[in-house]
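Student: got a predicted structure here, sequence first:
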Amino acid sequence: MPDTTTAGRTGRALLAALGFLTRVPLGHSRPAPRDLVASTMLFPLIGGALGALVGGAAAAMALAVPALLAGALAVGLELALTGALHLDGLADSADGLASRDRDEALAIMRDHSVGTYGAAALGLDLLAKAAAIGALAESGAVLPVIAAFALSRAAPLPLAAALPYARSGAGTGRLLADGMGRSGALAGVALAAVVAVAATGASALMLLACLAVATGAVGAIAHRRLRGVTGDTMGAAIELTAVMALVVATGIWG
């Protein structure tokens, strides 16, 4: 019989968030839809933990290798932990949103191949992220990486709450878009803000601004071009928020 206590529900939601956002082996059971929806407000906790691992690894490696190399290797660690989930969304969104109309955009975003715009977006994103993490690592600044990763994992929540799902049929993106209420999105963003403030103090306001700008831009473009949100655009919002916050962090702590 499943544990129906508050602790039990929270534990299932946390495991669902970990299973969705990472490739950490948790067994073969898939989370129930209600657990996955409930887990979204805990996404920032998983993001913060990823930031601690990535930032800590970069800081340790920066003691022995050049900063940029340390940043690149740390980004490689992130990709191994997440399965490059959000990078796929960024590349597909860049290719799809560069197309001429909505139907073509959705078709391109479903295609697994990467086009010119997607490749360019990936290259710029990875270069900026590696350089930013390397610069922070050289200064021994791990806490800003935790804040940036926590905030980035909150980016899909307001998108899912504010916009309809753009595709027909079922999918994880639809599950999140249909199940995410404004109260859940607000709770997730608030949790991300708490983590960021705890990690970086008042300077977290600058990083919170990155979350607002990246999410607002992705939401506006998705609304205009797709008339809704997809899993790819939510992944793109995560990646853009992370890299923007990391770049801003280098100006403060780098």
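Tutor: Perfect, I can see it now.

Student: after the lowest-mean-pLDDT helix or strand in the chain comes which helix or strand?
Tutor: Scoring the helices and strands of the chain by mean pLDDT, DSSP states H and E places helix 33-39 at the bottom, with a mean of 76. Using DSSP states H and E, the helix or strand that follows helix 33-39 in sequence is helix 43-61.

Student: list the buried residues of that following helix.
Tutor: Residues of helix 43-61 classed as buried by neighbour count (16 or more other Cβ atoms under 10 Å): 43-59, 61. (C-beta placed from N, C-alpha, C; glycine too.)

Student: kindly report the same for stretch 160-172.
Tutor: 160-163, 165-167.

Student: same deal with stretch 228-235?
Tutor: Neighbour-count burial for stretch 228-235 [16+ other Cβ under 10 Å]: 228-235.

Student: turn those residues into a markdown table, including pLDDT, secondary structure and distance to residue 107.
Tutor: What follows is the buried residues of stretch 228-235, written out as a markdown table (pLDDT from 0 to 100; DSSP: H, G, I helix; E, B strand; the rest coil; distance: Cβ to Cβ, whole Å):
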| residue | pLDDT | secondary structure | distance to residue 107 |
| --- | --- | --- | --- |
| 228 | 94 | coil | 15 |
| 229 | 93 | strand | 17 |
| 230 | 93 | coil | 12 |
| 231 | 90 | helix | 15 |
| 232 | 93 | helix | 12 |
| 233 | 95 | helix | 15 |
| 234 | 95 | helix | 19 |
| 235 | 94 | helix | 18 |
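
Student: quick one: residues in contact with the least confident helix or strand of the chain.
Tutor: 9, 12-17, 20, 31, 172, 175-176, 179-180, 184 (Cβ atoms under 8 Å, 6 or more residues apart in numbering).

Student: in that helix, what counts as buried?
Tutor: Neighbour count says helix 33-39 has 35-39 buried, by 16+ other Cβ under 10 Å.

Student: of those, closest to residue 111?
Tutor: Closest approach between the buried residues of helix 33-39 and residue 111, by Cβ to Cβ: residue 36, at 25.5 Å.

Student: quick one: the closest one from residue 180, how far?
Tutor: Per Cβ to Cβ, to the nearest Å, residue 36 is found 11 Å from residue 180.

Student: tell me which of the buried residues of stretch 160-172 fall in helices.
Tutor: 160-162 (DSSP state H).

Student: what about stretch 87-106, average pLDDT?
Tutor: Averaged across stretch 87-106, the pLDDT comes to 91.

Student: what does stretch 138-155 give?
Tutor: Rounded mean pLDDT across stretch 138-155 is 97.

Student: for it, buried residues please.
Tutor: Here stretch 138-155 shows 138, 141-155 as buried, counting by 16+ other Cβ under 10 Å.

Student: now do stretch 210-227
Tutor: Going by neighbour count (16+ other Cβ under 10 Å), the buried part of stretch 210-227 is 210-211, 214-215, 218-219, 222-223, 225-226.

Student: equivalent analysis for stretch 101-118, please.
Tutor: 105-106, 108-109, 114-115, 117-118.
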